[in-house]
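> Below are the sequence and a predicted model; questions follow.
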Amino acid sequence: MLLTLAANSLRSYLRPDRTGAQKLRLIDLPRFARDEFGLHGLNFSTDLLAGSDYERLDQVRDAADKACCPCLVLVESEPQAFAEEDDDLGDVAVDRLIRVAKAANRLGCNSMALTISGVKDADDMDRAAERLKDALRAAERLEVNVLLGTSPSGLLALPDSLTDLIKKVGGFRVGTFPDFQAASNSADPPQYLRRLTPYAQGVTASVVTFKAPKKGGPPAHEPYDLVEYTKAIASVGYTGTLAIEVRGEGDPAATIRSATAVLQGALGAEADQS
């Protein structure tokens, strides 16, 4: 399993201060992730790249390639209305997926990820599946995988419903995008991860905070057990990327280092250090 970084983790470093200066430029992020944390790839969110033209995306891709820390997944920041009865709204969602897939291709990502809003019943599932099929044809031409995360509410909050949707869509370029924090909100987090991960082409190890370790021990993550969740995805044979994403307060660099240590310890020999 390859440990990587979600660029959102360092959002505070990329944000200009009162003088307009940045602690870290976007094109410096790949080298920083590799040299400071020993991580081997990046996931970007669309809001982090807002306003970037193709030239800018090319610069980020080139910087990532030179740092041996490639761009892997481009995550759409807003849920998309693939299930809406209104065809105009559905068309907007299809167009958005295609635009994000084009940007992902330009960055050198092999995947993009998104969530789908408003799926309440079987009719919504059917509409979402048909529109996803339309959008997926364009993504396939770009050689970009489309990964779906569970939604905060509705049918697609349930792992089985999400995998049912993926089966309806069909094809080898659609999969899941499990997230540890989303799993923690389910009734059985390890089972949630075991249900979704066989279809995954990327997993997010979302981290919140660490409490001080006991003497000689590793830092302990709160409010859920990173080790338990990591072992759950490993138990179903997952060997893909595991992206650390900091969602708590405080210094993100310290949190990333703690998360890396805990995840490497959980994976043991399965952690890819190349």
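Happy to help now that I have it.
> what's the spacing between Pro190 and Gln201?
20 Å (CB to CB, to the nearest Å). Where C-beta positions appear, they are placed from N, C-alpha and C, glycine not excepted.
> higher neighbour count, the two?
Shown here are Pro190 and Gln201; by other CB atoms under 10 Å, Gln201 has more neighbours (21 against 16).
> check contacts around the more buried one.
Contact analysis of Gln201 by CB atoms under 8 Å, 6 or more residues apart in numbering lists 110-111, 145, 147, 175-177, 240.
> These in helices, which ones?
Among those, none falls in helices (DSSP state H).
> ok, so of those, who is nearest Leu156?
Among these, Thr176 lies closest to Leu156 (CB to CB), at 10.8 Å.
> I'd like to know how far the spatially most central residue of the chain sits from Thr230.
When CA atoms, centre = their mean is applied to the chain, the residue found nearest the centroid is Thr204 (5.1 Å). Computed with CB to CB, the distance linking Thr204 and Thr230 is 12 Å.
> Same question for Asp160.
For Asp160, the distance to Thr230 - CB to CB - is 22 Å.
> Looking only at neighbour counts, state which of the two leads.
Taking other CB under 10 Å, Asp160 and Thr230 do not tie; Thr230 has more neighbours (25 against 10).
> Secondary structure element holding the more buried one?
Using DSSP states H and E, Thr230 sits within helix 226-234.
> Pull the distance from that helix to the chain's centre.
How far helix 226-234 lies from its chain's middle: 17 Å, per CA atoms, centre = their mean, to the nearest Å.
> And stretch 40-48, by the same measure?
Distance, stretch centre to chain centre, for stretch 40-48: 8 Å (CA atoms, centre = their mean).
> Relative to Asp88, how far out is the closest residue in space to Pro79 that isn't next to it in sequence?
Distances taken as CB to CB, 6 or more residues apart in numbering put Ser117 closest to Pro79, at 3.8 Å, once the chain neighbours are dropped. Relative to Asp88, Ser117 is positioned 15 Å away (CB to CB).
> Among these two, which residue is more densely surrounded?
When neighbours are counted by other CB under 10 Å, Ser117 and Asp88 differ, and Ser117 comes out ahead with 20 against 8.
> Regarding the residue located most distally from the centre of the chain, what is its secondary structure?
The centre of the chain is farthest from one residue, Lys215, which by CA atoms, centre = their mean lies 33.4 Å away. Following DSSP: H, G, I helix; E, B strand; the rest coil, the label given to Lys215 is coil.
> Please enumerate the strands of the protein.
2-6, 42-45, 71-75, 111-114, 145-148, 174-176, 203-207, 209-211, 220-222, 241-246 (DSSP state E).
> now for the first one, which elements pack on it?
It refers to strand 2-6. strand 42-45, strand 241-246, helix 252-267 (3 or more CB pairs under 8 Å, 6 or more residues apart in numbering; DSSP states H and E).
> Kindly export the last one (C-alpha atoms) in PDB.
As requested, C-alpha coordinates have been extracted for helix 252-267 and formatted as PDB (Å, rounded to 0.1, in the frame of the first residue of the first chain):
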ATOM      1  CA  PRO A 252      -0.800  20.200   9.700                       C
ATOM      2  CA  ALA A 253       2.800  19.200   9.300                       C
ATOM      3  CA  ALA A 254       2.900  17.700  12.800                       C
ATOM      4  CA  THR A 255      -0.300  15.900  12.200                       C
ATOM      5  CA  ILE A 256       0.900  14.500   8.800                       C
ATOM      6  CA  ARG A 257       4.000  13.200  10.500                       C
ATOM      7  CA  SER A 258       2.000  11.500  13.200                       C
ATOM      8  CA  ALA A 259      -0.400  10.000  10.700                       C
ATOM      9  CA  THR A 260       2.400   8.700   8.600                       C
ATOM     10  CA  ALA A 261       4.100   7.000  11.500                       C
ATOM     11  CA  VAL A 262       0.800   5.400  12.700                       C
ATOM     12  CA  LEU A 263      -0.200   4.200   9.200                       C
ATOM     13  CA  GLN A 264       3.300   2.800   8.500                       C
ATOM     14  CA  GLY A 265       3.200   1.000  11.800                       C
ATOM     15  CA  ALA A 266      -0.300  -0.400  11.000                       C
ATOM     16  CA  LEU A 267       0.800  -1.600   7.600                       C
END
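> Which other helices and strands does it contact?
strand 2-6, helix 11-14, helix 29-37, strand 203-207, strand 209-211, strand 220-222, helix 226-234, strand 241-246.
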